[in-house]
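*Asks:* got a structure for you, letters missing:
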């Protein structure tokens with residue numbers, strides 16, 4: 001009988017990585033994330049969270065172990081397909097916004113994919129609608145507030161229709177209203193998400209599952225409510241209970 005079970009959205013097996021200076025950033029990482037699952041990645045600074053995220057679309061090379069996105073292994077030959085499947089939203093939205101207008105920023109990915117003009121326009125309209133930024137197409141991204149920029153940066157990735165969203169500190173620097181709006185918008189998305197953050201309240205609201213990373217190792221992986229109420233575990237790994 002054929003196996004009809006879908007592939008994990010992300011599957012990492014025995015992943016280890018050291019930077020050229022010899023610093024080992026990841027040690028024997030094993031994890032799977034199912035389609036439409038929302039998983040938080042937490043831990044102290046220097047735990048390896050960003051390094052792990054960058055391996056999901058092949059930005060870093062020279063690792064031991066394997067990384068799969070769906071049925072694609074992250075290899076040089078598959079990079080184009082992998083990077084279309086994994087959308088990374090960086091902490092600083094200015095790293096992703098560089099065009100004259102918001103429309104141009106959001107359209108950049110679909111144009112790069114070679115889509116015809118009508119599909120590009122459709123994707124831009126849809127992505128902006130998901131972030132409640134429909135009225136901003138003609139605006140200049142760098143004149144927007146930080147919260148607005150973050151929502152546009154997410155829209156630039158959504159327009160490429162990735163199967164996985166990877167978000168690095170999405171709520172960092174936001175005032176309470178902008179933070180609340182962003183959480184509500186992310187909560188409505190059906191896409192698989194891996195969210196690296198120090199904002200444990202965001203974790204509790206968005207992610208049923210949490211992975212704690214420390215010194216390059218996964219030290220806990222389980223239900224968010226259980227991990228976030230374990231004060232001894234949090235304290236041992238540089239996290240403050242909420």
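*Replies:* Done, it's in. Everything numeric in this text was worked out from a predicted model, so none of it was measured.
*Asks:* which ones are touching residue 99?
*Replies:* With contact taken as C-beta atoms under 8 Å, 6 or more residues apart in numbering, residue 99 is in contact with 105, 108, 141. In this view, the C-beta of every residue, glycine as well, is placed from N, C-alpha and C.
*Asks:* now with 10 Å?
*Replies:* Neighbour list for residue 99: 105-108, 140-141, 156 [criterion: C-beta atoms under 10 Å, 6 or more residues apart in numbering].
*Asks:* three-state assignment of the residue most central in space within the chain?
*Replies:* Most central in the chain under C-alpha atoms, centre = their mean is residue 166, positioned 1.0 Å from the mean C-alpha point. Recorded secondary structure, residue 166: strand (DSSP: H, G, I helix; E, B strand; the rest coil).
*Asks:* touching, it and residue 154? I think so.
*Replies:* No: here residue 166 does not reach residue 154: they are 11.2 Å apart, not a contact under C-beta atoms under 10 Å.
*Asks:* now do the shared contacts for those two.
*Replies:* In contact with both residue 166 and residue 154: 87, 89, using C-beta under 10 Å, 6+ apart.
*Asks:* one step back: buried ones among the contacts of residue 99?
*Replies:* Among the contacts of residue 99, those classed as buried by 16 or more other C-beta atoms under 10 Å are 105-108, 141, 156.
*Asks:* contacts only, for residue 55.
*Replies:* So residue 55 contacts 12, 15, 17, 25-26, 29, 48, 61, 63, 65, 67, 74 (C-beta under 10 Å, 6+ apart).
*Asks:* dump those to JSON lines, plus secondary structure and neighbour count.
*Replies:* Converted to JSON lines, the contacts of residue 55 look like this (DSSP: H, G, I helix; E, B strand; the rest coil; neighbours: other C-beta atoms under 10 Å):
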{"residue": "12", "secondary structure": "strand", "neighbour count": "23"}
{"residue": "15", "secondary structure": "strand", "neighbour count": "21"}
{"residue": "17", "secondary structure": "strand", "neighbour count": "22"}
{"residue": "25", "secondary structure": "strand", "neighbour count": "21"}
{"residue": "26", "secondary structure": "strand", "neighbour count": "25"}
{"residue": "29", "secondary structure": "strand", "neighbour count": "23"}
{"residue": "48", "secondary structure": "coil", "neighbour count": "23"}
{"residue": "61", "secondary structure": "coil", "neighbour count": "11"}
{"residue": "63", "secondary structure": "coil", "neighbour count": "20"}
{"residue": "65", "secondary structure": "strand", "neighbour count": "15"}
{"residue": "67", "secondary structure": "strand", "neighbour count": "22"}
{"residue": "74", "secondary structure": "coil", "neighbour count": "25"}
